[in-house]
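[1] What follows is a predicted protein model with its sequence.
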Amino acid sequence: MKYSISNWIYGDEPLRETFKRLQKYGYDGVELVGEPQRYEIQEVKGLCQEFGLSVLSVLGWSIWPLERDLAHPDSQMQQKALRYAAECVDLAAAVGAPLVVVLPASAGRTSPIGQPDNERSWKEAVAREWGYAVESVRKAAAYAQKKGVLLAIEPINRYESFLVNTTAQGLRFVREVDSPVVRLHLDTFHMNIEDRGPAEAIREAGSLLVNMHLSDSQRGPVGHGHTDFLAIMKALKEIGYQGALTMEPLPPEPNALLAVRMEKYKPLWDTYADECITRLRAYEKAAS
Amino acid sequence: MKYSISNWIYGDEPLRVTFERLRRYGYDGVELMGEPSLYRAEEVRGLCREFGLQVLSIAGIYPWPTEERDLANPDPQVRGRAVRYLRDCVEFAVDVGALLIIVVPSAVAKTSPVGYFESEEEWVAAAEREWNYALESVRTAAAYAEKAGIFLAIEPINRYETFLVNNVDQGLRFVSEVGSRTVKIHLDTFHMNIEEKDPAEAIRKAGKLLVNLHIADSNRQAVGYGHTDFKAIMRALKDIDYQGALALEPLPPVPDPYIAARLKRYQHLRDLYAEECIARLRQYEREV
């Protein structure tokens, strides 16, 4: 398995610090948060060479209310979201990352636009936005295909989105888009809330699964919650998973976006990076 | 064990229909929504006699962003109204013969302290102030509840619904800081799946202080639809000699629980869920 960490969990830490940590604890690569303006391509490539790491994925950062929402009913908003998706694809292609993680609707938006107030109009609005998202992802996929980059659709839990919460919905979305470059991404934290059995969900995703986020059930490092990582590792072996295990361990603070910026938790970053890879490697061994 | 269902999951269904369902599937009682103005105590008592059921608990409702029921609010007038609301609930509990009221120490869906904060440190300081306001409010309400012989049961809920009390450790600390014999703890298997390292262990930690328990599976659906280990939970309840009720809250597969409770297209599931939940839990009860 390839091990990686998503750098959004380190707030605005300089890339060099992150790369040093990843190398120190034996990681293979990094996931870069999708903020293309933040990076100098040459610098990223140089750091990869210097530290012997690869950029294994780019994380589409479609956080509401940034204008990056592929499901938005307004066509201008869709255009902006598509431009953003294209910039992420460009970043991926430039730094040699095989894929971009894509949220079909922005994280943090838990209702369709317009907040329909009755059952029928809600259902219709959800169906419409699903349609917009499918259409947007198809367009983004046409661009990604030319650049040789995959798009991996991420289901997220009910408190972060109303649109695609479960693995089953994610798979339905991917099949409707029907593009060879559109695949699935899963996240053990979200699966713990939404999927009947996280290991079973991985088996259902099968060969469509190209990237994984890992944190424990309370979003801390592996071993701090009750997620059955041995079962997950076995399921990954069974489907012949070739993607990366991308860690997202967060400190014990309810608000994730705040947690990653808090000074008092920074001393934990090294410990968490060390714990996650050590424990997962042990599960990897036990599963084979 | 005593089995009940919390009637907020049935939206505005007439009480008689709810009572009929509960009797049909062998429940011992009901948990009523903490909306005293919606009920006539006389009618509730009549239905209890007619169907051989008891009101076992009152689920306090603390919506946000209203200024009515936020026990942690920095504005003393808002806190005053919230405490008065609890007093109304206490009177209602007495009138219908319920033993306890579930108390969420800050409004539900309030994921940040009130105000705007320049830094993480300011945010943390504001959160601590609200913790103290909530203590003070609960202490005031407890003095009243104690005279009436009603317990207040503090409920930790997950990070997406509150910033204040998310897990059993915080809940127990809150209870101990309030320092009243009438203030106890309530837990919820859905929230515990997100926040606790080990839900069964959380129940053991709560021990004698645990007086009420909400039960839904990991995806908030009926017992058996998710991956929660109910057998381990039942064993922990036996270990602590739990005397409270198992109050079920199975919801249909819709992201927002308050919408889910009202959707017509899922109403046919209410009977099925009520039947499945008690059948499966009784089976676990026998096994342990």
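    Yes, it's here. Every value quoted in this text rests on a predicted model; they were computed, and no experiment measured them.
[2] Let me see the ranges of the strands in chain B.
    For chain B, the strands defined by DSSP state E cover B:2-6, B:29-34, B:54-60, B:100-103, B:151-154, B:183-188, B:210-215, B:245-248.
[3] Which parts of the stretch 51-200 of chain B are helices?
    Using DSSP state H, counting those that start in this stretch, the helices of the stretch 51-200 of chain B run over residues B:76-96, B:120-148, B:168-178, B:189-195, B:199-206.
[4] so can I have a markdown table of those showing mean pLDDT and mean neighbour count?
    All C-beta spots, glycine's among them, are computed from the backbone N, C-alpha and C. Below are the helices of the stretch 51-200 of chain B laid out as a markdown table (pLDDT from 0 to 100; neighbours: other C-beta atoms under 10 Å in any protein chain shown):
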| stretch | mean pLDDT | mean neighbour count |
| --- | --- | --- |
| helix B:76-96 | 98 | 19 |
| helix B:120-148 | 97 | 18 |
| helix B:168-178 | 98 | 18 |
| helix B:189-195 | 98 | 26 |
| helix B:199-206 | 98 | 21 |
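[5] which residues touch B:Ala206?
    The neighbours of B:Ala206, taking C-beta atoms under 8 Å, 6 or more residues apart in numbering or on different chains as the test, are B:168, B:171-172, B:185, B:187, B:240.
[6] Let me know which of the helices of the stretch 51-200 of chain B is the nearest to B:Tyr258.
    Relative to B:Tyr258, the nearest member of the helices of the stretch 51-200 of chain B by C-beta to C-beta is helix B:189-195, separated by 14.4 Å.
[7] Is A:Pro180 part of a helix or strand, or is it coil?
    At A:Pro180 the chain is in coil, as set by DSSP: H, G, I helix; E, B strand; the rest coil.
[8] And it, its phi and psi?
    Phi and psi for A:Pro180, reported as degrees, to the nearest 10, are phi -60, psi -20.
[9] Pull up the gap between A:Pro267 and A:Pro251, please.
    A:Pro267 sits 10 Å away from A:Pro251, going by C-beta to C-beta, to the nearest Å.
[10] Please say which of these two ends up with more neighbours.
    Legend: neighbour count by other C-beta atoms under 10 Å in any protein chain shown for A:Pro267 and A:Pro251, higher for A:Pro251 (20 against 9).
[11] these two touch, right, the more buried one and A:Arg261?
    No - if you go by C-beta atoms under 8 Å, A:Pro251 and A:Arg261 don't touch, sitting 10.5 Å apart.
[12] could the contacts of B:Ala206 be laid out in a markdown table, adding distance to A:Thr227?
    Shown next, in a markdown table, are the contacts of B:Ala206 (distance: C-beta to C-beta, whole Å):
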| residue | distance to A:Thr227 |
| --- | --- |
| B:Val168 | 18 |
| B:Gly171 | 22 |
| B:Leu172 | 24 |
| B:Ile185 | 25 |
| B:Leu187 | 20 |
| B:Ile240 | 25 |
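[13] Relative to B:Val124, which of these is nearest.
    Comparing the contacts of B:Ala206 against B:Val124 with C-beta to C-beta places B:Gly171 closest, at 19.3 Å.
[14] contacting residues around the closest residue to the closest one other than its chain neighbours?
    Among residues not flanking B:Gly171 along the chain, B:Pro156 sits closest, at 4.2 Å (C-beta to C-beta, 6 or more residues apart in numbering or on different chains). Each residue near B:Pro156 by C-beta under 8 Å, 6+ apart is listed here: B:165-168, B:170-171, B:187-188, B:191, B:195.
[15] what's the first-to-last distance across stretch A:214-225?
    From its first residue to its last, stretch A:214-225 covers 12 Å (C-alpha to C-alpha, to the nearest Å).
[16] Show me which positions of that stretch end up buried.
    Residues A:214-225 are the ones in stretch A:214-225 that count as buried (16 or more other C-beta atoms under 10 Å in any protein chain shown).
[17] Flag the shaky bits of the stretch 1-150 of chain A, pLDDT-wise.
    Applying pLDDT under 70 to the stretch 1-150 of chain A flags no residue at all.
[18] just the strands in it please.
    A:2-6, A:29-33, A:54-59, A:99-102, A:150-153 (DSSP state E, counting those that start in this stretch).
[19] Strand partners (parallel or antiparallel) of the first one?
    Just to be clear, that refers to strand A:2-6. Sheet pairing for strand A:2-6, assigned by DSSP bridges, gives strand A:29-33 (parallel), strand A:244-247 (parallel).
[20] Any chance of CSV for those, columns distance to B:Gln77 and mean neighbour count?
    Formatted as CSV, those follow (distance: least, C-beta to C-beta, whole Å; neighbours: other C-beta atoms under 10 Å in any protein chain shown):
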stretch, distance to B:Gln77, mean neighbour count
strand A:29-33, 43, 24
strand A:244-247, 46, 26
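[21] Tabulate these (a markdown table), appending distance to A:Ser4.
    Listed next are those as a markdown table, based on distance: least, C-beta to C-beta, whole Å:
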| stretch | distance to A:Ser4 |
| --- | --- |
| strand A:29-33 | 4 |
| strand A:244-247 | 4 |
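[22] A:Gly170: which of the ones you listed is closest?
    Comparison of the strands paired with strand A:2-6 against A:Gly170 by C-beta to C-beta identifies strand A:244-247 as nearest, at 16.5 Å.
[23] what about the residue of the stretch 1-150 of chain A found nearest chain B, distance to B:Val254?
    Across the stretch 1-150 of chain A, the shortest distance to chain B (C-beta to the nearest C-beta) belongs to A:Glu119, at 5.6 Å. For A:Glu119, the distance to B:Val254 equals 10 Å [C-beta to C-beta].
[24] So for those two, which sits in the more crowded spot?
    Legend: neighbour count by other C-beta under 10 Å for A:Glu119 and B:Val254, higher for B:Val254 (21 against 14).
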